[in-house]
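Asks: When you get a sec, could you give me coordinates for this:
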Amino acid sequence: MLPGSIQMSGETLSGAEVKGVCEGLAEGTVRLLSLRGCLLSDRDFARLCQGVSQSPSLVQLNLNLGVVSSASRVQHLAQSLLANRSLHSLFLHGNPLTDTGLSLLNNALAVHPSLVSLDLGDCMLGDEGISLICGLLPPDGAKPGLRELTLSANTAVSCSGWARLAIALAHSSQIRTLNLDYNPLGDHIASMLAVCVASSRTLEVLDLEGTGLTNQSAQILLDMVQNYPTPLKSLILAENNISMDLQQKIADFLSEGEEEEESEGLRLEQSMREKATKPGPALHRVLLTSSLGDSLLAETEM
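Replies: Alright, predicted model coming up:
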């Protein structure tokens, strides 16, 4: 277990254990809290959320696999997020939120000043939930916008919902990692996502495992990576009806792009080193900082 972390999985928590967790949160000694699949009473869950709201140090909160099991728990979590200012990552995978639950959380998520990573996989979301998520994507004032988004296995979302997400991603999102695995997207939605990826200046990882794709959409994705330079480094296509030949070609082009980036980086470094050794006028160094400095540092440390 890492320093400043509390990680439990599938355990039944006593009141005393929850009290200890809350004390650590209030004291600012906990950076990562993971209670994946754990059981605790409604009263203790409310106490836990109070601890989250008071924590000045919590960066990552994992409540995956049924911990947020009722509307009242969703409301307690929403209240804690409104007060919290430190959280970067929130994992709610495998909780029965539905669109109704996400609507209760939405305002807290939308105004949180630090949240950049959100896992809503297998949360029984539909088109209304996707519309809410679209509003979380672009930066807005002090809100950084999401950089990592997981929507795996939300099979109730329609083609219209996924199309709306693709448009939002293409417009102004800062997404670097997008996980859509185990959704019945099919070739039509995959083709729309190809347009979205081609226009993105940030997306590096796209997971389309088990999404019902065929060689038709794979050929479009191949054309995209072959002819339109993007930041994309990883495109996961396992468990689809796509030939190994096409998958390999896509992987090869992505690898070539990464190698070119590394080569360009080395050339730039060499050029800067050569310039530094040449005699010239004295250089005045100016250190620039921004309001993003602290959050980016914390993200790197995680």
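Asks: where are the low-confidence patches of this structure?
Replies: Flagging of the chain using pLDDT under 70 yields the residue ranges 1-3, 257-302.
Asks: just the helices in it please.
Replies: 15-27, 42-54, 71-83, 98-111, 127-134, 159-172, 186-199, 215-227, 244-277, 293-301 (DSSP state H).
Asks: Tell me which of these approaches Leu237 most closely.
Replies: helix 244-277 (5.4 Å; Cβ to Cβ). Where C-beta positions appear, they are placed from N, C-alpha and C, glycine not excepted.
Asks: thought His112 was touching Ala78?
Replies: No. At 10.6 Å, His112 does not count as touching Ala78 under the criterion of Cβ atoms under 8 Å.
Asks: Looking only at neighbour counts, state which of the two leads.
Replies: More crowded of His112 and Ala78, by other Cβ atoms under 10 Å: His112, with 22 against 18.
Asks: ok, now which ones touch the more buried one?
Replies: Residues near His112 by Cβ atoms under 8 Å, 6 or more residues apart in numbering: Leu81, Asn84, Arg85, Leu87, Lys143.
Asks: The fourth one: neighbouring residues, count only.
Replies: Under the neighbour criterion other Cβ under 10 Å, Leu87 is assigned a count of 22.
Asks: same question, the second one
Replies: By other Cβ under 10 Å, the residues close to Asn84 number 24.
Asks: ok, it to Ala166 distance?
Replies: 31 Å (Cβ to Cβ, to the nearest Å).
Asks: And the fourth one, by the same measure?
Replies: With the distance defined as Cβ to Cβ, Leu87 ends up 27 Å from Ala166.
Asks: go on, the last one?
Replies: Distance check for Lys143 against Ala166: by Cβ to Cβ, it reads 22 Å.
Asks: Nearest residue to Pro138 in space, ignoring adjacent ones along the chain?
Replies: Ser172 (4.0 Å; Cβ to Cβ, 6 or more residues apart in numbering).
Asks: How about the contacts made by the one you found?
Replies: Leu137, Pro138, Pro139, Gly145.
Asks: Could you do Gly24 as well?
Replies: By Cβ under 8 Å, 6+ apart, Gly24 lies in contact with Ile6, Val30, Gly51.
Asks: Put together TSV for those, with distance to Ile242 and neighbour count on each row.
Replies: Output for those, formatted as TSV (distance: Cβ to Cβ, whole Å; neighbours: other Cβ atoms under 10 Å):
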residue	distance to Ile242	neighbour count
Ile6	41	18
Val30	43	23
Gly51	46	22
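Asks: Closest one of those residues to Ser103?
Replies: Gly51 (24.8 Å).
Asks: you'd agree Leu102 is up against Leu132?
Replies: Yes. Counting by Cβ under 8 Å, Leu132 is a contact partner of Leu102 at 5.5 Å.
Asks: With neighbour numbers in mind, choose between those two.
Replies: The neighbour comparison of Leu102 against Leu132 (other Cβ under 10 Å) goes to Leu102, with 23 against 18.
Asks: From Leu48, how far out is the more buried one?
Replies: According to Cβ to Cβ, Leu102 and Leu48 sit 20 Å apart.
Asks: One more: Asn95?
Replies: Distance, Asn95 to Leu48, by Cβ to Cβ: 15 Å.
Asks: for the helices of the chain, which one sits closest to Ser117?
Replies: Closest approach to Ser117 among those (Cβ to Cβ): helix 293-301, 8.5 Å.
Asks: quick one: Leu48 and Ser41 touch, right?
Replies: No. Using Cβ under 8 Å, Leu48 makes no contact with Ser41, being 10.2 Å away.
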